[in-house]
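> dropping a prediction and its sequence here:
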Amino acid sequence: MSEDVKDFSYLAQPTGGDRVWLRILRGGKWAEPVAITDGGEDLYKPAVAVDGTGRVWVFFSKNVGANKELTDGNWELMARAFKDDKLGPVINVSNAPGPDFAPVAATDSRGRVWVAWQGARETNFDIFAAVQEGDSFGKPQRVSDSDANDWDPAIAVNKQGDVAVAWDTYAKGDYDICLRIARDGKFGPSMPVAGGTEHDIRPALTYDGQGRLWVAWEQAGERWGKDNGPTDRGGGLAIYAPRQIIFRIWDGAKWSRPAGEMPLEGKVGKGKGKGEADPTALQDGFDAGRGMNPSLARLATDGQGHVWLAFRGRFGQMRPPVGTVFFEFVSRCTGSRWQVASWVPNSDNTLDNRPALAPLKDGGLLLLGSCDERQKQAAGRGGRGKGKKAADEPAQEGPRVDPFNNNLYVAQFDPSAFPPAAAADLKLEEIPAPTAAAPLPEVAEELKAVKTIRDYRVQLGSETLRLMRGEFHRHTEISGDGGGDGPLLDMWRYGLDAAYMDWIGNGDHDNGNGREYSWWI
């Protein structure tokens, strides 16, 4: 900086805020964008479904009643319909104290839209669902049934009218996958899908062409988020520990898994790009190769009954100034194997970036997501955002234009590019019904220790003091060196569940090298 800055008033200027837009693809052409919300609002994570009359329902979380500093508000789940070029009123679906967010939506066989989401009530997160009643939505139903934090719902429907909702829960001191299925609008009992002591999170759901329910999720080892490091021998796992994607299939009466091995075909690099090594074939799941850490699985079933998988992953540690480069990958289950996962161009972005899947009647798939061009900024800079300016990079004249900017892209996957095996060729192996394992022995000891700390009080004069545990330096995906630190939301999982903290903040260095970018994405 050539001279001291004397006027800091620009720092007090409000940012532009958020706005939800809708754009519809008709006859191969994109219609003009429609503004679903007003500008300058504080919004989060939209979802879309179309009811039986052709109305498009858009769901999003809104910070209702917030002041200019965006505090003192309440995050509510909102909905708005669009049909015949007209917008309906904004509807408050959740209408309850506590943040409500992460909606997922689907349309049942009667043409009614269902939405499920995560909401905080009193001391923990629960999973809720509501069903469309004409021009509005009914009273939310609590779907999860634990007193612990429940996270990341998924939803799927079949032709018989069933509505399946899955989520993960920390009920026994590690994350497990749970499932409930509604018939005639009433949810049945909760079923464990993964109940071991491993780290099982973020389920995805789809019904295949045979009417079977597929469940996919991320699995890492035991003791996620517990003490670990070069001098610690506690056996804990880092937040973004190595993981794979696991599958289970429910036919309405029994559980199964794909029979035989389902390897990723081809080669993966070993070490720092030196040599090659065959990937390990997995009987239970899908491993995209060493170091890629497949995450944030999503499932869809095309018009021919084939199941598609999309997930996030990385190639090594490419680090532009806004953090590590993560990409989207897509595969299809054909016969008894997953096809080679296709890297999706223009999908480079943060880790927790979840492109939407739109299956096509002919067996293809549309994938719609955003790209912030971070791959280009990492290329030619030593892989970690360092090094000299690339030889072909032109010098900038005038005010500097930040190269990081999100734009939307759509990718179409042609079914003819895949082998012609029928979806019915999939061979399944029946497995025992999952059950909930006993908690690890240290869980009870941890809960006792946390209670002792939180109950402790010191009287200092007229003040009563207590201990508050937390940290400000938590690394995440938006850290400059956050390729191994996991999604921002996993910071909250860690702080609330694994570490039993009272407060936490992702104050790692300055997140984005002085850019506002990392905060308004």
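Everything's here; your move. Please read all numbers here as calculations on a predicted model, not as lab measurements. Numbers count the residues shown, from 1 in each chain.
> who's in contact with the closest residue to residue 407 other than its chain neighbours?
In space, and not counting its chain neighbours, residue 407 is closest to residue 371: 6.1 Å by C-beta to C-beta, 6 or more residues apart in numbering. C-betas here are computed from N, CA, C, even on glycine. Residues near residue 371 by C-beta atoms under 8 Å, 6 or more residues apart in numbering: 346-349, 406-407, 409.
> pretty sure residue 439 is touching residue 174, no?
Yes. Between residue 439 and residue 174 there is a contact at 7.4 Å, judged by C-beta atoms under 8 Å.
> and the residue in the chain sticking out farthest from the centre, how far from residue 137?
In the chain, counting by C-alpha atoms, centre = their mean, residue 461 sits farthest out from the average C-alpha position, at 48.0 Å. Remark: distance between residue 461 and residue 137 (C-beta to C-beta, to the nearest Å) = 53 Å.
> next one: residue 16
Look at residue 16 and residue 137: by C-beta to C-beta, they are 30 Å apart.
> settle it for me: which of the two has more neighbours?
Taking other C-beta atoms under 10 Å, residue 16 and residue 137 do not tie; residue 137 has more neighbours (24 against 8).
> could you report the neighbour count for the nearest residue to the more buried one once chain neighbours are set aside?
Using C-beta to C-beta, 6+ apart and skipping residues adjacent in sequence, the residue nearest residue 137 is residue 130, 4.5 Å away. Counted with other C-beta under 10 Å, residues neighbouring residue 130 total 24.
> so what strands line up beside the one helix or strand residue 130 maps to?
Using DSSP states H and E, residue 130 sits within strand 124-133. Within its sheet, strand 124-133 is paired with strand 113-121 (antiparallel), strand 136-137 (antiparallel), strand 141-142 (antiparallel), according to DSSP bridges.
> you'd agree residue 445 is in a strand?
No. Under the criterion used here (DSSP: H, G, I helix; E, B strand; the rest coil), residue 445 is helix, not part of a strand.
> what separation do you get for it and residue 65?
Separation of residue 445 from residue 65 (C-beta to C-beta): 42 Å.
> kindly report the same for residue 218.
Separation of residue 218 from residue 65 (C-beta to C-beta) stands at 35 Å.
> strands of the stretch 351-500 of the chain, residue ranges please.
Ranges of strands in the stretch 351-500 of the chain, per DSSP state E, counting those that start in this stretch, are 356-359, 365-371, 407-413, 428-431, 457-460, 463-466, 470-471.
> those: lowest mean pLDDT?
Ranked by mean pLDDT, the strands of the stretch 351-500 of the chain end with strand 428-431 in last place, scoring a mean of 91.
> which residue packs closest to the residue most central in space within the chain, ignoring adjacent ones?
Nearest to the geometric centre of the chain sits residue 296, at 5.0 Å (C-alpha atoms, centre = their mean). In space, and not counting its chain neighbours, residue 296 is closest to residue 312: 4.6 Å by C-beta to C-beta, 6+ apart.
> that neighbour against residue 328, yeah?
Yes. At 6.2 Å, residue 312 counts as touching residue 328 under the criterion of C-beta under 8 Å.
> between these two, which contacts overlap?
Common neighbours of residue 312 and residue 328, using C-beta under 8 Å, 6+ apart, are residue 353.
> hey, which helix or strand in this protein has the poorest pLDDT?
Of all the helices and strands that make up the chain, strand 268-269 has the lowest average by mean pLDDT, DSSP states H and E, namely a mean of 29.
> give me the low-pLDDT residue ranges for the stretch 101-250 of the chain?
Residue ranges of the stretch 101-250 of the chain with pLDDT under 70: none are present.
> what do you get if the cut-off is 90, keeping everything else the same?
Across the stretch 101-250 of the chain, the ranges flagged by pLDDT under 90 are 228-235.
> can you give me the strands for it?
Counting by DSSP E, counting those that start in this stretch, the strands of the stretch 101-250 of the chain are 113-121, 124-133, 136-137, 141-142, 150-157, 163-169, 176-183, 186-187, 191-194, 198-207, 213-222, 244-250.
> among those strands, which is nearest residue 454?
The closest of the strands of the stretch 101-250 of the chain to residue 454 is strand 124-133. By C-beta to C-beta, the value is 15.3 Å.
> which parts of stretch 445-457 are buried?
Neighbour-count burial for stretch 445-457, counted by 16 or more other C-beta atoms under 10 Å, picks out residue 446.
> who touches it?
Here stretch 445-457 has contacts from 173, 464-467, 469, 500, 502, using C-beta under 8 Å, 6+ apart.
> wait, doesn't residue 375 sit right on residue 318?
Yes. Assessed by C-beta under 8 Å, residue 375 is found in contact with residue 318 at 6.9 Å.
> neighbour count for these two, which is higher?
Neighbours were counted for residue 375 and for residue 318 using other C-beta under 10 Å; residue 318 has more, 23 against 19.
> surely that one is within a helix?
No. Residue 318: not assigned to a helix; according to three-state DSSP it is coil.
> thought it was touching residue 324?
Yes. Contact criterion C-beta under 8 Å: residue 318 and residue 324 qualify, at 6.6 Å.
> sorry, back to before: the strand holding residue 130 versus strand 176-183: what angle between them?
Angle of strand 124-133 versus strand 176-183, following axes from the mean of the first three to the mean of the last three C-alpha atoms, to 10 degrees, is 20 degrees.
> quick one: contacts of strand 124-133?
By C-beta under 8 Å, 6+ apart, strand 124-133 touches 51, 57, 93-94, 100, 108, 112-120, 137-144, 147-151, 153, 155, 163, 165, 167, 182, 185, 187.
> what about the residue nearest to residue 79 when sequence neighbours are not counted, how many neighbours?
Take residue 79 and drop its neighbours on the chain: the residue closest to it by C-beta to C-beta, 6+ apart is residue 91, 4.6 Å away. Residue 91 has 16 neighbours, counted by other C-beta under 10 Å.
> what pairs with whatever helix or strand the residue nearest to residue 296 lives in, and is each one parallel or antiparallel?
Counting by DSSP H and E, the element that carries residue 312 is strand 307-314. Strand 307-314 has its sheet partners listed here by DSSP bridges as strand 295-301 (antiparallel), strand 326-334 (antiparallel).
> any idea how this protein splits into domains?
With domains defined by automatic domain parsing, the chain comprises 15-109, 143-387+402-431, 443-520.
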